[in-house]
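# For reference, the sequence and a predicted model appear below.
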Amino acid sequence: ESVVAKNVITERDSDDVIVQNYAFSQRCQVMDSPGLLVRQDEKRNEMEQLTLAAMQHLPTAVMYVMDFSGGAGDKCSSIEDQLLLRKEVRARFPRRPWIDVISKVDLGIKDGAKETLEEIMGDNERSVLEVSITEGVG
């Protein structure tokens, strides 16, 4: 997902940014963190621990990028695992600004994946951003 996250940011930056002169400085820092796997904290590797530490200690918003095309289907990146991990991370950081992103929508979305995400999200969360870098969607 690292390439997708970078391209989402690049695409959004290139067309949607309006530059104005302000008397104060606005900053936005983006960190594309190493991926997390569905496992207990004690079994997380150093990179996963660093990701969670950064999220815990920095004033961050979360852009959670998921691939529901079924193409990432190894045992670590199944749609089910992505949804479990999303639920875990969201529960860990309930007050953080949060954006759910479904990437690679040009490849299709497996039946039931989006509906399951919407069930996990509940009524208090906003809609999902669907993107395709290939087709320039989102």
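Yes, it's here.
# For the protein, name the helix or strand with the lowest mean pLDDT.
Here the helix or strand of the chain ranked lowest by mean pLDDT, DSSP states H and E is helix 2-16, holding a mean of 52.
# Tell me the gap between the helix or strand just after that helix and the middle of its chain.
Next in sequence after helix 2-16, counting helices and strands by DSSP states H and E, comes helix 46-57. Centre-to-centre, helix 46-57 and its host chain are 15 Å apart (C-alpha atoms, centre = their mean, to the nearest Å).
# Pull helix 46-57 out as CSV, backbone CA atoms only.
Extracted in CSV, the C-alpha atoms of helix 46-57 (Å, rounded to 0.1, in the frame of the first residue of the first chain):
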residue,chain,number,x,y,z
GLU,A,46,10.4,-3.5,15.4
MET,A,47,8.9,-1.7,12.4
GLU,A,48,5.3,-2.4,13.6
GLN,A,49,6.2,-1.2,17.1
LEU,A,50,7.7,2.0,15.6
THR,A,51,4.5,2.6,13.6
LEU,A,52,2.3,2.2,16.7
ALA,A,53,4.7,4.4,18.8
ALA,A,54,4.6,7.1,16.2
MET,A,55,0.8,7.0,16.1
GLN,A,56,0.6,7.1,19.9
HIS,A,57,3.1,10.0,20.4
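# Let me know the next secondary structure element after it.
Proceeding C-terminally, helix 46-57 gives way to strand 62-67 as the next helix or strand, assigned by DSSP H and E.
# count of neighbours near residue 64?
Counted by other C-beta atoms under 10 Å, the residues lying close to residue 64 total 18. C-beta here means a position set from N, CA and C on the backbone, and glycine is covered the same way.
# Quick check, pLDDT for it.
As predicted, residue 64 sits at a pLDDT of 89.
# Residue 117 against residue 85, yeah?
No. Between residue 117 and residue 85 no contact is recorded; they are 11.9 Å apart, counting by C-beta atoms under 8 Å.
# Mind checking which of those two has more residues around it?
Counting neighbours by other C-beta under 10 Å for residue 117 and for residue 85 shows that residue 117 has the greater number, 22 against 19.
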